[in-house]
Structures are given as C-alpha cells and as structure tokens.
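1. Mind looking at a prediction? Sequence and model below.
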Amino acid sequence: MMLDAAGWDALRLSLLVGVTATLIGVPLATWAAWVLARREFYGKGAFNALVHLPLVLPPVVTGYLLLILFGRAGPLGRFLEDTFGLVLAFRWTGAALAALIMALPLMVRAIRLAIEAVDPGLEDAARTLGASGFGVFRTVTLPLILPGILAGGVMGFAKAIGEFGATITFVANIPGQTQTLPSAIYALLQVPGGEGAAATLVIWACVLALGAVALSEWLARRVARRIAGAP
Amino acid sequence: MTLTVDISHRAGTFALDVAFEAGAGVTALFGRSGAGKTTVVNAVAGLLMADRAEIRLNETIFDDVRTHLPPHRRRIGYVFQEARLFPHLNVAQNLDYAGRFGARPTARAEIIDLLGLADVLDRAPATLSGGQKQRVALGRALLSDPRLLLMDEPLAALDAPRKAEILPYLEALKRQTGVPILYVSHALDEIARIADRMVVIDQGAIKAQGDLFDVLSDPALTPLFGVREAGAVLRAKVRERAFDGLTRIKTGAGDLHLPGVSAPEGSDIRLRILAQDVMISRERPEGISALNILPARIETRYAGDGPGVALRLAAGSEYLLARITARAWATLELSEGDEIYAVIKATSVAPGSISGAVTAPT
C-alpha cells in the first residue's frame, strides 16, 4: 500500500490540518462548552445556535460563508492579512479553519456533556477552600472532564481529517496546497483509472481514523485510572 | 468573634427573612427541612447571592448594599452534608487543597491526628467509608485556616453508627480548635451535644434564638421541636458509679441516678431529658419506683392545639421541660409559679442523649 508523491502530500496535509484544527479547537471548544454549561447570560441561545450552526448547515454553505468572511476580499480575511499577514483563502490554513469550524460543534457537545456531569457542589466546595473562578476550573473541573476533552478531541480530529464540503468550497482542491485526503480521493475518482490510487488513500484514511480512536481509548483509560485515584 | 447575618431572599413561593448573630463556640441553626437553613449558610459562605444581605464577620463585610465578597476570599470553612471530596485527589491532596491557594494552616499534624486520618492519607476518596469521608471533609475545611466553620447537616447522610463515630470528633474539635462554628441541623440530639447557642428557624423566619439551655427548655417551641423530641438539656458532672450499674450525676437541679453512663467519673457532661419522660407531682411521691425526684417550680406553661401542655420547670440552676396532658394540669389545679416535684424515671434517659465527651478543660 505504497503512496505516490501526491498521495503523501494529501496524507501529510490532512494530518497537518487535523492536528492544527484539534489543537486550536480543543481549548476553544472547552471554553465554549464551559460557558454553555455553567454560565447564564443574555444571548446564550444565540451563542449556542452559532456554535452548532456548522452541524446543521450544508457543509457547502458553511464553506461559502467562510469564503465570504475570510476570503481575501472578505472583511475578516482582509483584517487578518493586514494585521498578521495571515492568508486563509486557498491555503492549508484555510483548510484548517474550515476543519476547525466543522469540528467545533462535535467537540463542544462532547465536552459540554462532561462538564455537566461534574457535580457543581465540588466546584462550590473548591470556592470555599480559596479557589477563584479560574482556580476552580484548573484544579477541579479540568481534571474531571479530561476524558470528555479527549473524546471530543478525537471526534474533532476525525471530523477534521475527513472534512470535505466546506473545505473544497472555501479553499478548493489544489494538490500540495489544499488537497486533503478526502479531496484527493474525490479527485482520483473523477479520472478514469484512478480507482487503484483512490483505494490506497481510502485504506490510509481508515488507518488514520482507527489509530486516533485507539490512541484516545488508551489515553482515556489512563486518565480514568488517575481520576479513580488508584495508584 | 461575631457573625452578624441579616438576609431577605425570595425563591419562587418561598420567602426568607432572618436576622441573627452567632458568637464564639457553636451556634446551632435548627429548622425542619425546607425551613431555609441551607439558604442561610450558602449566603454566609457567599455561594448564594440573596436579594438583600448584610453579613459581617467582626469588622469584615461579606455582603452589604455595595459589597459581595466572593467565597474564596471569605476564609470560611464549609462542611457539606455530602463530603464533596475531590475524586481525582487522594486524601492528603484533598486535605492540602486549600494550601494551593495560599492557606497556611498552623496545626496540620494535630488536625490529622485529632480526626484520626493518619492511616488513610494516600487512599482515594472512593475507597473510604461514609464516616471517614466526612472526617476528611472536616479536616479539609479546617486546614483552609478558616475564621468561621459552616456545617450543613454534616451527619444527616450517615447512619446511626457512623453518626456516633463522628460526634466525638466534633466535640473534640469544638474543645481544641476554638474556631467558631455555625452548625445547621434538624437533629436535636446532635445540637444538644455540641451547641452553645441556638437559632430556631421555621418557614423562612426566626422563631427563637439564644442560649442553648434556654431555647431547648422553651415550652412554646415544643410543637416545632416535635412533642416526642422536645427536651431540656442539663449541665452535669459524673460522680461515683454504684455497684448496681447506676451512676450518680450531680446537676444544678439536684442529684440524679442514671444507668448507662460511660463517661469517666469527674467529667462534665450534658444530659438531655425528653419532656415526655418527666412527670409532675404535687407532693413528694412516696413508694414510687422512679429514683429521680427533683423539687422544681413551674415557670411557664404553653398550651398547644393538642391535648398536651408543655411546662418549663426551674429546678435549682437548671431548666427542665415537661409535657403533661391538659387534663392532668386541670385535675392537679396547677398554675404557673407552683412548687412541684419533677419525677424522672432512671431508665428513660437514653444512653445516646448523654454526651460523654464534654470533659472538663484540662
């Protein structure tokens, strides 16, 4: 199951996109999940809807909206380019953003469930023992929701490496630039005789996804053992 | 040390409006479930923002019109009904948790020793018994170096043997640490053993507050305490134990002879005598099997809706509470101020109602 150069590029790019989206997405999703689980504020419903929007919108629509907002002519895209020199449109960074946006609702849901499972009484106890808001989160909530964060992270990673619709709409399908595994498989299937190479990529996609699940299972068991307090 | 509390709070149809003070020692906050006790302690801890709150500990303002000091800056220890130990930390890490946020307790070793926790320091909370968990929670709160300790029904979730296991620790704590305690409970036996002052709260309002011995012997509170639960508490000293198993106990009301006293001779104890166990006689009874007959004067009478009347009796320097039927009151032609004899059956004082650990200060 050897990959050709284009296949390697696609695999490497998918990993890069997936890891970037997960690393940025997990802290963001944890914050959003905490806000949704533990805070009451005006506009919470709207915030919740916004976070979950990519889950219900057609991915192509999400990609189109990203293009409008983050394209070089878009308001946010121009701001990022002028301020940080960061270009998203038709770059791998854009693919990472699309993957992040699409993966975020899945991560938020998993982490929010974990936070809601933490007894608020434990957090109250921590406050009476001298922990400030962030101290409570760092020393009580975060350690207890680590399994949920792991689960959310893996789900987000799997979603990120598999994202297709929003990515191809936002950053197109440029080999070596924005062509991730799914895009490459799709492109190969469009040309006669590409099925063999596509099948190789499909197998690699499966390996990647299963590897992520296995890794998370292993990590989750370690964390669970630590939380249970056994030596 | 004075804690001043004045709160109004409304939640749904429940309205709370209370004002009281708690000083040094143990102040019990008594009320039935739903009376508003937990709302009060949560407001004192800062976990609940009452609609209107003025709460001060000495000169420190916890709450007033402008201020709401966050819980982590109040330096209040809080022991909840459930132990609420952090499951991802072992016992030692739970105990030292407040230390991560700057608490510098002076007597870590003494507190661990006092609560008997030395053997379980590296255990996980999930492996502890209910009583052990509550002792760890107590130690954790104490090791936050608190200026005030709040306890919200700390024994309510425990069965009777576990309760009996913890109570001596609470009594020792009170003697040895000097941290003022606000102790919430609906169990009069617990309160009788450890409290100095008592605040009675019912349906969101204060019904009585003051010295424990006065409040528990207030006949007007009998319906609130429950006619089978109401009873006065006497300060007493254990004298010699007789060959037949009875112990002579000296009280300000006179000597009593009681079975089942385990406290050592010479120790100071508290004796809770239920109102329903006290009979009244006009003359000093002769030829009666009851051993304990104390001269007393009827001080106040409270007639409720039922067939009974509750009487506070002044016996020497102590109060007794008696509950007799309204018919007996009428038949004996009793009235307030009458000199009578209170008859207490020796076996009717339950062993559990005798506090064994309130020994003389050494």
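-> It's in. Numbering: from 1, shown residues only, chains lettered A, B, ... in the order given.

2. Give the residue spans of chain A that score low on pLDDT.
-> By pLDDT under 70, the low-scoring segments of chain A are A:1, A:226-231.

3. Residue B:196 and residue B:22 touch, don't they?
-> No: using C-beta atoms under 8 Å, residue B:196 is not in contact with residue B:22; the gap is 9.7 Å. C-beta coordinates here come from the backbone N, C-alpha and C atoms, glycine included.

4. The two: which is more packed in?
-> Shown here are residue B:196 and residue B:22; by other C-beta atoms under 10 Å in any protein chain shown, residue B:22 has more neighbours (25 against 18).

5. residues near residue A:85, how many?
-> Residue A:85, neighbours per other C-beta under 10 Å, totals 7.

6. same deal with residue B:246?
-> Residue B:246: 17 neighbours (other C-beta under 10 Å).

7. Just grab the bridge partners of it for me.
-> On the basis of DSSP bridges, residue B:246 is bridged to residue B:259.

8. Give me the distance between it and chain A.
-> Distance, residue B:246 to chain A, by C-beta to the nearest C-beta, to the nearest Å: 46 Å.

9. is it true that that residue touches residue B:258?
-> Yes: between residue B:246 and residue B:258 there is a contact under C-beta under 8 Å: 6.4 Å.

10. Assign residue B:169 to helix, strand or coil.
-> When classified by DSSP: H, G, I helix; E, B strand; the rest coil, residue B:169 comes out as helix.

11. dump the residue contacts of the residue lying closest to it once chain neighbours are set aside.
-> Spatial nearest neighbour of residue B:169, excluding adjacent residues (C-beta to C-beta, 6 or more residues apart in numbering or on different chains): residue B:115 at 5.8 Å. By C-beta atoms under 8 Å, 6 or more residues apart in numbering or on different chains, the contact list for residue B:115 reads B:135-136, B:138-139, B:169.

12. So what's the residue count around residue A:92?
-> Here the count is done by other C-beta under 10 Å, and residue A:92 has 20 residues near it.

13. so what's the backbone phi/psi at it?
-> Backbone torsions for residue A:92, taken as degrees, to the nearest 10, come to phi -60, psi -30.

14. try residue B:255
-> phi -80, psi 140.

15. just for chain B, where's the confidence low?
-> For chain B, the stretches with pLDDT under 70 are B:346-362.

16. Show me the contact partners of stretch B:91-99.
-> A:126, A:129-130, A:139, B:85-86, B:89, B:105, B:108, B:112, B:117, B:120-125, B:128, B:136, B:139-140, B:143-145.

17. what's the answer for stretch B:65-78, then?
-> Contacts of stretch B:65-78 (C-beta under 8 Å, 6+ apart): A:124-125, A:127-132, A:135, B:41, B:44-47, B:49, B:53-54, B:57, B:60-63, B:101, B:141-142, B:144-152, B:179.

18. Residue B:9: neighbouring residues, count only.
-> Residue B:9 has 21 neighbours, counted by other C-beta under 10 Å.

19. now it, nearest residue through space, not along the chain?
-> Nearest to residue B:9 is residue B:50, by C-beta to C-beta, 6+ apart, at 4.0 Å.

20. SS state for that neighbour?
-> coil.

21. Please apply the same query to residue B:140.
-> helix.

22. wait, doesn't it sit right on residue A:129?
-> Yes: with contact defined as C-beta under 8 Å, residue B:140 reaches residue A:129; the gap is 6.9 Å.

23. all helices of chain A, in order?
-> Assigned by DSSP state H, chain A shows helices spanning A:5-38, A:44-56, A:59-70, A:75-84, A:92-116, A:120-128, A:133-136, A:142-162, A:165-171, A:181-190, A:195-228.

24. Of all these, which one comes closest to residue B:342?
-> Residue B:342 lies closest to helix A:120-128 among the helices of chain A, at 45.1 Å (C-beta to C-beta).

25. Only alpha carbons, please: show the closest one as CSV.
-> C-alpha atoms of helix A:120-128 as CSV (Å, rounded to 0.1, in the frame of the first residue of the first chain):
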residue,chain,number,x,y,z
PRO,A,120,-21.4,21.8,40.8
GLY,A,121,-21.2,21.0,44.6
LEU,A,122,-17.5,20.1,44.1
GLU,A,123,-16.9,23.4,42.5
ASP,A,124,-18.7,25.2,45.3
ALA,A,125,-16.5,23.3,47.8
ALA,A,126,-13.4,24.4,46.0
ARG,A,127,-14.5,28.0,46.1
THR,A,128,-15.0,27.9,49.9
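
26. Give the other helices and strands that that helix contacts.
-> Counting contacts by 3 or more C-beta pairs under 8 Å, 6 or more residues apart in numbering or on different chains; DSSP states H and E, helix A:120-128 packs against helix A:133-136, strand B:76-79.

27. Let's have the ones you listed in CSV, adding distance to residue A:215 and mean neighbour count.
-> Formatted as CSV, these follow (distance: least, C-beta to C-beta, whole Å; neighbours: other C-beta atoms under 10 Å in any protein chain shown):
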stretch, distance to residue A:215, mean neighbour count
helix A:133-136, 29, 15
strand B:76-79, 40, 27
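
28. all strands of the stretch 101-250 of chain B, in order?
-> B:148-152, B:181-185, B:197-202, B:205-211, B:231-241, B:246-251 (DSSP state E, counting those that start in this stretch).

29. strand partners of whichever strand or helix holds residue B:323, parallel vs antiparallel please.
-> In the assignment (DSSP states H and E), residue B:323 maps to strand B:318-325. With DSSP bridges as the test, strand B:318-325 is paired with strand B:308-315 (antiparallel).

30. list the buried ones in the partner strand?
-> Within strand B:308-315, the residues that qualify as buried are B:308-313, B:315, counting by 16 or more other C-beta atoms under 10 Å in any protein chain shown.
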